[in-house]
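Engineer: Turn this into a structure:
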Amino acid sequence: MVDERTFVMIKPDGVQRGLISEIIHRFERKGYKLVALRFCKPALSVFEEHYKEHLGKPFYKPLLDFITSGPVVPMVWEGKDVVAQSRKLIGETDPLKASVGTIRGDLAINKSKNVIHGSDSLESAKREISIWFKKEEVIDWKKDSDKFIYE
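Structural biologist: Okay, the predicted model is just below:
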């Protein structure tokens, strides 16, 4: 089995609403393995690097104001096809268009306060993981229950 890694972040609204354990539970229940996690309130410069592809867009400043308004929970998840599958688990960016059963479809209403961020490609995942975690902070470990999840 070839594992992928993806970056996921619970945004300040998810933290404030007490959704950390609910979100982690959904990823664990799916069968993915948590390999890095932090609870933090990073400097603006971290978010500027993370969201640099949005620089100049009308929503950039409001996004930075919101994302720096409180603590976040950055994480790295590992597993088969985790980038694409986590996007399905998370749901559409606009929670009102997200399917029931997805994190955003069940737990959010507003597009700008949509609880969670997830990498949209392997390239984005690698870039975002490197912004948030040092190599030694991403832990390689064997999850014994994988034998019940993967063939």
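
Engineer: Residue 60 contacts residue 54, correct?
Structural biologist: Yes. Using CB atoms under 8 Å, residue 60 is in contact with residue 54, at 4.9 Å. Quick note: C-beta positions are derived from backbone N, CA and C, even for glycine.

Engineer: how near is residue 93 to residue 108?
Structural biologist: Per CB to CB, to the nearest Å, residue 93 is found 10 Å from residue 108.

Engineer: and for the two, which residues touch both?
Structural biologist: With contacts defined as CB atoms under 8 Å, 6 or more residues apart in numbering, the residues shared by residue 93 and residue 108 are residue 114.

Engineer: Tell me which of those two has more neighbours.
Structural biologist: residue 108 (25 against 16; other CB atoms under 10 Å).

Engineer: Any idea how far apart the tips of stretch 140-150 sit?
Structural biologist: Using CA to CA, to the nearest Å, the end-to-end distance of stretch 140-150 comes to 17 Å.

Engineer: how distant is that stretch from the center of its chain?
Structural biologist: Centroid separation for stretch 140-150 versus its chain: 21 Å, with CA atoms, centre = their mean, to the nearest Å.

Engineer: try stretch 4-18
Structural biologist: That offset, for stretch 4-18, works out to 5 Å (CA atoms, centre = their mean).

Engineer: again with stretch 140-151
Structural biologist: Between the centre of stretch 140-151 and the centre of its chain there are 21 Å (CA atoms, centre = their mean).

Engineer: Equivalent analysis for stretch 108-116, please.
Structural biologist: 13 Å.
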